[in-house]
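**Q** here are the coordinates; sequence isn't available:
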């Protein structure tokens, strides 16, 4: 079960570029186990450290700016999380402490992975993102109200799929949710198996 | 990757315990999942097919609804036999006309993404249609659908037709006998109606396309091979890729060439590259590698003598797999090397530390390997 989300107030980390891909969020060389943990150290490794094998922080990369040391929100451009389906990208973000990403758009697999791991994918337009970045102050994201606000009162609402919202708010387990409909699923599969037997492979002996 | 051994060991144990058929590294049917699933007739028209890999959309070429998911959704699918999914919007991308010589499905995909953005398909399932798509063989259709995820689409798909059915007939997991006839009757009804309405429509003149090559660090940063790095290219991207705005792409010196990946590692891809390489030698000092997409592709290519053509031209001929598309197995190109590659992602350090990747078709990669620089396959053929 993912950590439930109600609201977060944080100075957002400005990563204002388009097409931040999952190879940057967690390079494949940083995926050293089959588990969901031990990934925070490799988050943005290619941009965060000097050289490719060491761990010396690159002061030019915003994640190493002490002002954003406690940021729980990333502020980005278009098509955040594009590329590989590796859920390690979201696990690394969650383990590092991020609770939300605000972007103009998300890659679909990444957005789905966020919802299953307690990270809210917030879609705002370019003008709103520029205004938030320009303010230099903290923001508050409220999920129930679906809004993002600045301390000076400026406020933007965002859209999120109703089921994704419910899962994030309550940290619901999608498998539990689905198994409540096990009978209907079995009935459908029985009917489909009769109509399209070639779809159903038999288990190997 | 560094955890590769653990991944393989745990996968063997888990599949054995669950009674799941594993195509292991020593299996004669081993290969990239999006290559072997069609080879074995696992993907079928009308099937719903998922895998925890973003390029699962490749298999939409068979008129299946096929898309990539994360680990949690894979767990959900295995536990419940279902996925919870929001219905995507619909988009049709129509390629009218006839592709010119040496212009390939890879170039169609890169042209689409260059024009409409790497986020251009977000929120949509894409149907590829039109005369140029109908004319593609199944392997070409797979290449086109493969790149739908680089367009941020949920998936790409192509209406099944007689080519699809002919390709699947007799494959191991495809239906046979009376079931084949029943399946065909259903599959013939799957194509979109002539008057179908889509939420979005994009049209592209295939006859006006040229071989494409990427110049930046996103597939949307691609241009015709006879084009230039655009004047408004982001400075951060130029700093990484080591090119200046306005520079001509053709003639850019390369260190390495790679032919492989789920995008372009099938028999027709290897044949096309070999047709250019035959009787020629790649540029001196260039590292060039060809990795067939499956053990079956490798066997078939060797039966035709393609391996000899690659090796005599100066290519390494490797065992099948994902290989150096993304660092799998821990091997990569030399730090900072400039590589022309038939893979799907030119992301920073994707193929090794600070490696500068230019994605292109097998024809363009073969032509470039011969020239030692980004080259136009139309000028060699």
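**A** Cool, the structure landed. Just so it is clear, the model here is predicted, and its values are computed rather than measured. Residues are numbered from 1 along each chain as shown, chains lettered A, B, ... in the order given.
**Q** all strands of chain B, in order?
**A** With DSSP state E as the criterion, chain B has strands at B:48-51, B:65-68, B:89-96, B:124-129, B:155-157, B:200-205, B:212-214, B:222-224, B:256-259, B:287-290, B:316-317, B:338-341, B:356-359.
**Q** redo those strands as a markdown table? Include mean neighbour count and distance to chain A.
**A** The C-beta positions use only the backbone N, C-alpha and C, and glycine is treated the same way. Below are the strands of chain B laid out as a markdown table (neighbours: other CB atoms under 10 Å in any protein chain shown; distance: least, CB to the nearest CB, whole Å):
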| stretch | mean neighbour count | distance to chain A |
| --- | --- | --- |
| strand B:48-51 | 18 | 8 |
| strand B:65-68 | 25 | 4 |
| strand B:89-96 | 20 | 11 |
| strand B:124-129 | 24 | 9 |
| strand B:155-157 | 28 | 9 |
| strand B:200-205 | 14 | 15 |
| strand B:212-214 | 27 | 12 |
| strand B:222-224 | 22 | 13 |
| strand B:256-259 | 26 | 16 |
| strand B:287-290 | 24 | 18 |
| strand B:316-317 | 15 | 21 |
| strand B:338-341 | 27 | 14 |
| strand B:356-359 | 27 | 11 |
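**Q** include distance to residue A:105 and mean pLDDT when you put those strands into a markdown table, please.
**A** Converted to a markdown table, the strands of chain B look like this (distance: least, CB to CB, whole Å; pLDDT from 0 to 100):
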| stretch | distance to residue A:105 | mean pLDDT |
| --- | --- | --- |
| strand B:48-51 | 22 | 97 |
| strand B:65-68 | 17 | 98 |
| strand B:89-96 | 13 | 98 |
| strand B:124-129 | 12 | 98 |
| strand B:155-157 | 17 | 98 |
| strand B:200-205 | 15 | 98 |
| strand B:212-214 | 21 | 98 |
| strand B:222-224 | 20 | 98 |
| strand B:256-259 | 30 | 98 |
| strand B:287-290 | 35 | 98 |
| strand B:316-317 | 40 | 98 |
| strand B:338-341 | 27 | 98 |
| strand B:356-359 | 22 | 98 |
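**Q** any chance of JSON lines for those strands, columns distance to residue B:21?
**A** Putting the strands of chain B into JSON lines (distance: least, CB to CB, whole Å) gives the following:
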{"stretch": "strand B:48-51", "distance to residue B:21": "14"}
{"stretch": "strand B:65-68", "distance to residue B:21": "19"}
{"stretch": "strand B:89-96", "distance to residue B:21": "34"}
{"stretch": "strand B:124-129", "distance to residue B:21": "28"}
{"stretch": "strand B:155-157", "distance to residue B:21": "24"}
{"stretch": "strand B:200-205", "distance to residue B:21": "39"}
{"stretch": "strand B:212-214", "distance to residue B:21": "37"}
{"stretch": "strand B:222-224", "distance to residue B:21": "38"}
{"stretch": "strand B:256-259", "distance to residue B:21": "29"}
{"stretch": "strand B:287-290", "distance to residue B:21": "29"}
{"stretch": "strand B:316-317", "distance to residue B:21": "29"}
{"stretch": "strand B:338-341", "distance to residue B:21": "32"}
{"stretch": "strand B:356-359", "distance to residue B:21": "33"}
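**Q** and for the residue of the stretch 151-300 of chain B found nearest chain A, the neighbour number?
**A** Per CB to the nearest CB, residue B:175 is where the stretch 151-300 of chain B lies closest to chain A, at 3.6 Å. When neighbours are counted by other CB atoms under 10 Å in any protein chain shown, residue B:175 registers 20.
**Q** go on, residue A:128?
**A** 19.
**Q** what sits up against whatever helix or strand it lives in?
**A** Residue A:128 belongs to helix A:126-135 when elements are defined using DSSP states H and E. Counting by CB atoms under 8 Å, 6 or more residues apart in numbering or on different chains, helix A:126-135 makes contact with A:12, A:14, A:16, A:75-77, A:102-104, A:124, A:139, A:148, A:150, A:152, A:154, A:156, all of which sit outside it.
**Q** how close does the closest residue to residue B:352 other than its chain neighbours get to residue B:357?
**A** For residue B:352, ignoring the flanking residues on the chain, the nearest one in space by CB to CB, 6 or more residues apart in numbering or on different chains is residue B:332 at 2.9 Å. Distance, residue B:332 to residue B:357, using CB to CB, to the nearest Å: 11 Å.
**Q** which residues are in contact with the residue nearest to the spatial centre of chain A?
**A** The residue lying closest to the centre of chain A (CA atoms, centre = their mean) is residue A:114, at 3.3 Å. By CB under 8 Å, 6+ apart, the contact list for residue A:114 reads A:81, A:90, A:101, A:106, A:120-121.
**Q** which of these ranks first by neighbour count?
**A** With neighbours taken as other CB under 10 Å, the top of these is residue A:90, carrying 32 neighbours.
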